[in-house]
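J.: Let's see this in three dimensions:
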Amino acid sequence: QVQLVESGGGLVQAGGSLRLSCAASGNIDSIRSMAWYRQAPGKQRELVASITSGGSSNYAYADSVKGRFTISRDNVKNTVYLQMNSLKPEDTAVYYCNTNLKRIGFGGWFDYWGRGTQVTVSS
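T.: Okay, here's the model as predicted:
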């Protein structure tokens with residue numbers, strides 16, 4: 001099995017910072033990508049940022065977070081981070097970790113999700 005454990009959410013004032021972490025564990029063969037999504041009340045889940053594996057990582061960010069959020073990963077620890085600066089009330093949401101990976105002994109690549117961590121930004 002594969003588990004994703006997120007941490008780092010909480011309550012912060014507008015303009016503040018938070019750092020989210022997500023560690024993947026289990027019978028992991030290789031990871032193709034890791035990403036953060038978020039879902040605000042009454043809204044669809046949206047991609048916040050993603051990063052691919054390999055010697056040259058590819059990054060993608062939602063327009064709404066460019067210049068404020070930074071995604072990074074530790075390939076040894078199978079951990080992805082999201083540094084969030086200059087937070088705004090509209091960043092309030094449940095943030096979910098996602099990974100696309102291959103399990104040992106299994107063919108194919110599959111998506112796995114964490115349970116989510118709440119981020120609340122007060123004005």
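J.: where does the most centrally placed residue in the chain land on pLDDT?
T.: Centroid-nearest residue in the chain, with C-alpha atoms, centre = their mean: residue 36, separated by 2.6 Å. If you check residue 36, the pLDDT there is 98.
J.: Check the gap between it and residue 108 for me.
T.: 23 Å (C-beta to C-beta, to the nearest Å). Backbone N, C-alpha and C define where each C-beta goes, glycine included.
J.: ok, now residue 76?
T.: On the measure of C-beta to C-beta, residue 76 and residue 108 end up 24 Å apart.
J.: before we move on, what about residue 20?
T.: Taken as C-beta to C-beta, the span from residue 20 to residue 108 is 28 Å.
J.: Which one of these two is surrounded by more residues?
T.: Neighbour totals were compared for residue 20 and residue 108, and residue 20 leads with 23 against 6 (other C-beta atoms under 10 Å).
J.: Next, the buried residues of the host helix or strand of the more buried one.
T.: According to DSSP states H and E, residue 20 maps onto strand 18-26. By 16 or more other C-beta atoms under 10 Å, the buried positions in strand 18-26 come out as 18, 20-24.
J.: Can you classify the residue of the chain positioned farthest from its centre by secondary structure?
T.: Centroid-distance maximum for the chain: residue 105 at 25.9 Å, with C-alpha atoms, centre = their mean. Look at residue 105: counting by DSSP: H, G, I helix; E, B strand; the rest coil, its state is coil.
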